[in-house]
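Chemist: Any chance you could fold what I've pasted below:
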Amino acid sequence: MVRSASPMPHYLIFWAVLAVTCGYALLRGRRYEQYAALICIAASVVSVLARSPVQHRYVGVEAGDLVIDTAVLIAFTVIALRYDRFWPLWVAGLQLTISMSHILKAINLDLMPQAYAAAERFWSYPTLMIIAVAAWRAHRRWRETPDHIPA
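Modeler: Numbers count the residues shown, from 1 in each chain. Prediction:
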């Protein structure tokens, strides 16, 4: 009998995507792409430390995640208000969507834990992709105008 390889756990996929996209943004991005990458890394690490025990996870409002997601929303909003590019508006908007998952759970405590978890986690992937693309574009702009000093 041939055994198929077991699928990679979702959290390993997330950490790999986080490492690649944020690593790229830290290496090639300008100041605000780097800030966004550091925010994502810090929020991900702190989220692991703030998690509820598995048997209680997503049954009620995840207070630790609520605080972290609110702080990330504020940080992304500050970047959006200070930077002259459009991508920070997208990541702030996606973070607002993530933050709204906590409000939806507070309004409807019967919301399935899996739906709450999915609503909270799903938009992290597009956020990371947007930051990586923003870093790529920033690096490309810098390469095209070598006399330009990256901010």
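Chemist: Okay, helices next: where are they in this protein?
Modeler: Counting by DSSP state H, one finds helices in the chain at the ranges 10-28, 31-50, 63-82, 87-107, 113-121, 124-144.
Chemist: same for the shortest one, what does it pack against?
Modeler: The one in question is helix 113-121. helix 87-107 (3 or more C-beta pairs under 8 Å, 6 or more residues apart in numbering; DSSP states H and E). All C-beta atoms are positioned from the backbone trio N, CA, C, and that covers glycine.
Chemist: Can you verify my assumption that L96 contacts L73?
Modeler: Yes - look at L96 against L73 with C-beta atoms under 8 Å: they come within range, at 6.0 Å.
Chemist: low-scoring stretches of the chain, by residue?
Modeler: Of all residues in the chain, those with pLDDT under 70 make up the ranges 1-8, 146-151.
Chemist: quick one: which of L96 and L73 has more around it?
Modeler: Between L96 and L73, counting by other C-beta atoms under 10 Å, L73 is the more crowded of the two (20 against 14).
Chemist: quick one: the more buried one from S44, how far?
Modeler: 15 Å (C-beta to C-beta, to the nearest Å).
Chemist: show me what contacts the residue nearest the centre of the chain?
Modeler: Centroid-nearest residue in the chain, with C-alpha atoms, centre = their mean: S124, separated by 3.9 Å. Remark: with contacts taken as C-beta atoms under 8 Å, 6 or more residues apart in numbering, S124 is in contact with F14, C40, I98.
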